[in-house]
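Peer 1: Sequence first, then the predicted structure:
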Amino acid sequence: MLQVRRSAERGHFDHGWLDTRHTFSFGDFHDRRFMGFRDLRVINEDRVLPGQGFGTHGHRDMEILSYVLEGGLAHQDSLGNGSVIVPGDLQYMSAGTGVRHSEFNASKTEPVHFMQIWILPNEEGQPPRYDQKRFDPDTTRGRLRLVASPSGADGSIAVRQDVRMYASRLDAGQTAELTLPAGRHLWVQALRGEVDVNGKALSAGDGLAASEETSFRFAATAPAELLVFDLA
């Protein structure tokens with residue numbers, strides 16, 4: 001069964017400094033049909049004005065991934081980490097027993113555009129941890145590149161959940177394929193361009209949930225970038 005979540009159906013808030021769109025219920029946006037999908041809890045698409053950002057705040061028991069599309073995202077946290085995440089980087093923070101952090105646009109002149117992803121952990125009360133890795137754009141072009149997994153396979157970031165996250169950039173006319181074991185589930189988030197997934201056309205901002213299917217074909221009808229989640 002395939003279910004499409006159109007971009008226009010997402011929650012949308014323009015706070016001036018932040019333009020944000022919520023695929024799933026988050027903050028003041030509530031959609032009982034989309035409280036999350038399996039262990040995937042949040043997919044927010046954020047655009048932050050130059051010099052602005054999220055001040056220091058706390059999280060507990062959540063796996064948080066940040067994926068930058070344009071610009072640079074400056075990170076600081078109570079674990080002592082500080083860095084700037086740019087396109088090609090994936091940032092990971094396992095909040096565990098508690099962590100405080102801030103995320104700001106690293107530029108005073110250009111906006112930053114990024115995806116914020118939250119995944120429920122497989123166990124609560126674990127020590128917090130942080131990781132950041134760069135995945136050269138060439139390694140995601142024309143294929144699905146594993147960027148997060150339970151074991152850190154293939155150089156991916158190790159996360160505390162039975163989820164595998166892939167990043168992909170497809171030129172127009174390019175295809176990629178993925179086969180899942182029976183009983184697994186798939187979420188696709190189209191970030192840019194246009195892609196057909198098993199006959200369903202997706203444009204930037206659209207999402208697709210799949211259950212009871214095991215074989216998937218991703219065919220770009222225009223240059224496309226997407227994230228794909230293999231979920232228990």
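Peer 2: Looks like it came in fine.

Peer 1: from here on, contacts and neighbour counts on C-alpha atoms
Peer 2: OK.

Peer 1: which element is the residue nearest the centre of the chain on?
Peer 2: Centroid-nearest residue in the chain, with CA atoms, centre = their mean: Ile117, separated by 4.4 Å. Per DSSP states H and E, Ile117 falls inside strand 112-119.

Peer 1: Render the CA-only coordinates of that strand in CSV, please.
Peer 2: The C-alpha atoms that make up strand 112-119 are tabulated as CSV, following Å, rounded to 0.1, in the frame of the first residue of the first chain:
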residue,chain,number,x,y,z
VAL,A,112,20.2,28.2,5.4
HIS,A,113,17.8,25.5,4.2
PHE,A,114,17.8,22.1,6.0
MET,A,115,15.8,19.1,7.0
GLN,A,116,15.3,18.2,10.7
ILE,A,117,14.5,14.5,11.3
TRP,A,118,13.6,12.9,14.6
ILE,A,119,13.5,9.1,15.2
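
Peer 1: who does it touch, helix- and strand-wise?
Peer 2: Applying 3 or more CA pairs under 8 Å, 6 or more residues apart in numbering; DSSP states H and E, one finds that strand 112-119 makes contact with strand 40-48, strand 63-70.

Peer 1: in its sheet, what does the last one sit against?
Peer 2: Okay, so that is strand 63-70. strand 89-94 (antiparallel), strand 112-119 (antiparallel) (DSSP bridges).

Peer 1: The last one: what's the following helix or strand?
Peer 2: With elements assigned by DSSP H and E, the helix or strand that comes after strand 112-119 is strand 129-134.

Peer 1: Which elements pack onto that next one?
Peer 2: With contacts taken as 3+ CA pairs under 8 Å, 6+ apart, strand 129-134 sits against strand 89-94, strand 157-158.

Peer 1: Let me have those in TSV, adding mean neighbour count and mean pLDDT as columns.
Peer 2: Output for the helices and strands packed on strand 129-134, formatted as TSV (neighbours: other CA atoms under 10 Å; pLDDT from 0 to 100):
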stretch	mean neighbour count	mean pLDDT
strand 89-94	22	97
strand 157-158	20	98
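
Peer 1: And those: which comes nearest Arg141?
Peer 2: The closest of those to Arg141 is strand 89-94. By CA to CA, the value is 14.6 Å.

Peer 1: just to revisit the earlier point, for the strands paired with strand 63-70, which one sits closest to Leu40?
Peer 2: It is, among those and with distance given as CA to CA, strand 112-119, at 4.7 Å.

Peer 1: what's next to that closest one, contact-wise?
Peer 2: With contact meaning CA atoms under 8 Å, 6 or more residues apart in numbering, strand 112-119 is reached by 39-50, 62-73, 105-106, 161.

Peer 1: so it versus strand 40-48, what angle?
Peer 2: Interaxial angle of strand 112-119 relative to strand 40-48 (axes from the mean of the first three to the mean of the last three CA atoms, to 10 degrees): 170 degrees.

Peer 1: and strand 112-119, which residues are buried?
Peer 2: If you call a residue buried by 16 or more other CA atoms under 10 Å, then strand 112-119 has these buried ones: 112-119.
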